[in-house]
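Chemist: I need the structure of the sequence given here:
(2 chains)
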There are 2 protein chains.
Amino acid sequence: MFYVIGLGLSDEKDITVKGLEAVKGCERVYLESYTSILMVEKEKLEAFYERPVITATRELVELEADEILKDADKVDVAFLVVGDPLGATTHTDLLLRAKSLQIPTSVIHNASILTALGSTGLQMYSFGQTLSMVFYTDSWKPDSWYPRLEENLKIGVHTLVLLDIKVREQSEENMARGRLIYEPPRFMTPSQAFNQILYTESKRHPAPKPPSDKPAPQKSDSDSEDEDDFTDPYPTLLPPAETLAISLSRVGTATQKIISGTLTELAALPEEEFGGPLHSIVIVGKRLHPLELEYAGKFAIGGEQGGWWKVGKEVYGVERETF
Amino acid sequence: MFYVIGLGLSDEKDITVKGLEAVKGCERVYLESYTSILMVEKEKLEAFYERPVITATRELVELEADEILKDADKVDVAFLVVGDPLGATTHTDLLLRAKSLQIPTSVIHNASILTALGSTGLQMYSFGQTLSMVFYTDSWKPDSWYPRLEENLKIGVHTLVLLDIKVREQSEENMARGRLIYEPPRFMTPSQAFNQILYTESKRHPAPKPPSDKPAPQKSDSDSEDEDDFTDPYPTLLPPAETLAISLSRVGTATQKIISGTLTELAALPEEEFGGPLHSIVIVGKRLHPLELEYAGKFAIGGEQGGWWKVGKEVYGVERETF
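Modeler: Model prediction:
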């Protein structure tokens, strides 16, 4: 049997009982290490599973898939993935290959950021499509996420934005010299993400010449376009001082931290406020429910006097309920 | 500590190791029993946890929340929820209440249908807002899900539709006599759901008088409206013979069954094809990826000759890749 097993969000004990039983019966155990990273050392996993764990790099999975699947029709093999194993299509490829080799497969699900973001108090069912944001560089600021975000904002749903992780990067020098020496992993921080949003917003919707005090319109009929470096002639759906957002750091762990506020407030926070990786962010849609406002408001910058409550009431039009 | 613990999708072994350790240290263990149902008897859970399990009805949670939270600042209390515990706002209320009573809380996440639907081969990140569909009756056919579905279809994302569950229903006679006798739980089948979709579609977009062979337009500028009994003057985004959909039955269990096809094909399948509960369905958006087409095509009605492949190519415009 070829098992694809989700590890959940945080440490070695987030595996399910069913998943742990399967791992303990496996002859070979691979750990996928390039789409996400568990916040625990491989040695700790090995001790807990009582099994050696083989790190599966992108190269191994993409080029040596048959090595991973070898003999899986006779012995049990586990492929471990942080979060839920089938979040992205990354691993469906491996499952299709196993099926074409007549190898029986079994998927053991687990929590992922998509369910854990319920910790913000926002309702999972009110999220639209999920976006990914990569690190901007001096010469490359890919903002293809922007029209997708607008699509979500137009219909009022929330947006989860997954932040870039760079693992096994090579320095230019090491790459030039052909040395397989990798830089330490890099994780995008919420500060970086919020400031990248502000940057792209300012490019697409430059501040009007005569400053205006009237609130931005909430609807637009503009069609979304997948174009970069694009100045959008339509009114913005994302005025930073009037858009609510939330950062999620180390969700599902003991040091989980959630911060809510306006985009402007969040972008201005010092990076250390968020703490270490992993992080994600959420842009709050206009269909915000009073219970969502209330729960996420527990994490508001500036507490009761913060922009969260003011914008929630005046721009999102949500009245507070009492509990 | 007040623990809110996800149980995952299927049986007693889908709890995480962390969750199981927490449950075993709890003085009282409640099992939420009105938003979803685990496919395993309470006695089996009790044996596995070595703890008695108290069934928490909606009445208990909403009216006697303080009883559930009693002494949770001194002893550990667990509130178990099928799937991920924070999928809906249903339980954030309880957490807010605990916080207001200065009771420390801990949420232990788990798999939910939102992540497990990766088993269809569709990418989680390409799903829009999630819909819920309730049982239609002779006099009440609430189709407020329809404009939400249209919003998703317009931007090409997939849609998960959660199907109604009726637990603790009373017959009219028992209700009239004030007898607290409940009917057995009822679960909406994919057949019922697909046929409800076809019904509402035919009401909103009645068949044109002179039959036309040209394919329905794929875009519409119509604004969505939350109105029932509404004939939509705009072209449909949901022509049943040209819309792909997928049923998911008992996902995450050993008897999991996934079936893919056109809406017309799926609605025509005999109910027993899907097997027992729980079920969900997915409406496939136009941004279908070749790898998604391929994986979900393994479950196609009619195999290689089925409507899945024909519509995938001709209507969705996805070319097959080889693996």
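
Chemist: helix, strand or coil: sort out the closest residue to residue A:106 other than its chain neighbours for me.
Modeler: Spatial nearest neighbour of residue A:106, chain neighbours left out: residue A:3 (5.2 Å); criterion: CB to CB, 6 or more residues apart in numbering or on different chains. For the C-beta atoms, the positions are set from N, CA and C on the backbone; glycine is no exception. Under DSSP: H, G, I helix; E, B strand; the rest coil, residue A:3 falls in the strand class.

Chemist: so residue A:3 sits against residue A:104, correct?
Modeler: No. Contact between residue A:3 and residue A:104 fails when scored by CB atoms under 8 Å: they sit 9.8 Å apart.

Chemist: comparing these two, which residue is more hemmed in?
Modeler: Just comparing residue A:3 and residue A:104: by other CB atoms under 10 Å in any protein chain shown the higher neighbour count belongs to residue A:3, 23 against 12.

Chemist: next one: that one from residue A:95, what distance?
Modeler: 11 Å (CB to CB, to the nearest Å).

Chemist: need the pLDDT of the residue nearest to residue A:81 when sequence neighbours are not counted.
Modeler: Once flanking residues are discounted, residue A:81 sits nearest to residue A:32: 4.7 Å by CB to CB, 6+ apart. In this model, residue A:32 is scored at 89, pLDDT.

Chemist: so what's residue A:32 up against?
Modeler: A:56, A:61, A:79-82, A:91 (CB atoms under 8 Å, 6 or more residues apart in numbering or on different chains).

Chemist: one more: residue A:183?
Modeler: Counting by CB under 8 Å, 6+ apart, residue A:183 has contacts A:166, A:169-171.

Chemist: change it to 6 Å
Modeler: When contacts are counted by CB atoms under 6 Å, 6 or more residues apart in numbering or on different chains, residue A:183 touches residue A:169.

Chemist: and residue A:30, that's in a strand?
Modeler: Yes. The assignment for residue A:30 by three-state DSSP puts it in a strand.

Chemist: show me what the residue nearest to it when sequence neighbours are not counted is bridged to.
Modeler: The shortest distance from residue A:30 to any non-neighbouring residue, by CB to CB, 6+ apart, is to residue A:56 (4.3 Å). Per DSSP bridges, the residues bridged to residue A:56 are residue A:32.

Chemist: next, count neighbours for residue A:56.
Modeler: Using other CB under 10 Å, the number of residues around residue A:56 comes to 22.

Chemist: could you do residue A:101 as well?
Modeler: For residue A:101, using other CB under 10 Å, the count is 14.

Chemist: confidence score at it?
Modeler: For residue A:101, the pLDDT comes out at 94.

Chemist: and the spatially closest residue to it that is not a sequence neighbour, how many neighbours?
Modeler: Nearest residue to residue A:101 in three dimensions, chain neighbours excluded: residue A:69, at 6.2 Å (CB to CB, 6+ apart). Using other CB under 10 Å, residue A:69 has 20 other residues around it.

Chemist: show me the strands in the stretch 1-150 of chain A, by range?
Modeler: A:2-6, A:28-32, A:54-56, A:77-81, A:105-108, A:131-133 (DSSP state E, counting those that start in this stretch).

Chemist: now distance to residue A:289 too, for those, in TSV please.
Modeler: What follows is the strands of the stretch 1-150 of chain A, written out as TSV (distance: least, CB to CB, whole Å):
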stretch	distance to residue A:289
strand A:2-6	29
strand A:28-32	36
strand A:54-56	41
strand A:77-81	32
strand A:105-108	33
strand A:131-133	22
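
Chemist: and of those strands, who's closest to residue B:46?
Modeler: strand A:105-108 (23.5 Å; CB to CB).

Chemist: what lines up beside the closest one in the sheet?
Modeler: In its sheet, and by DSSP bridges, strand A:105-108 pairs with strand A:2-6 (parallel).

Chemist: the strand it pairs with vs strand A:28-32, what angle?
Modeler: Strand A:2-6 and strand A:28-32 meet at an angle of 40 degrees, taking axes from the mean of the first three to the mean of the last three CA atoms, to 10 degrees as the criterion.

Chemist: now residue A:152. Nearest residue, chain neighbours left out?
Modeler: Residue A:152 sits nearest to residue A:128 (CB to CB, 6+ apart), 3.6 Å away.

Chemist: surely that neighbour meets residue B:128?
Modeler: Yes. Residue A:128 lies in contact with residue B:128 (CB atoms under 6 Å); the separation is 5.0 Å.

Chemist: related to what we said a few turns ago, need the contacts of residue A:32 in TSV with pLDDT, can you?
Modeler: Shown next, in TSV, are those (pLDDT from 0 to 100):
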residue	pLDDT
A:56	89
A:61	85
A:79	95
A:80	94
A:81	92
A:82	89
A:91	82
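
Chemist: up against chain B, what does the stretch 1-150 of chain A have?
Modeler: A:13-18, A:20, A:84, A:86-89, A:92, A:96, A:109-112, A:114-116, A:118, A:121, A:123-125, A:128-130 (CB under 6 Å from any CB of the partner chain).

Chemist: give me the number of residues near the residue nearest to residue A:321 when sequence neighbours are not counted?
Modeler: Closest residue to residue A:321 apart from its sequence neighbours, by CB to CB, 6+ apart: residue A:290 at 4.7 Å. For residue A:290, the count of nearby residues is 13 (other CB under 10 Å).

Chemist: what of residue A:134?
Modeler: Residue A:134 has 18 nearby residues by other CB under 10 Å.

Chemist: and for the one 4 residues further on?
Modeler: Neighbourhood size, residue A:138 [other CB under 10 Å]: 5.

Chemist: appreciated, that's everything.
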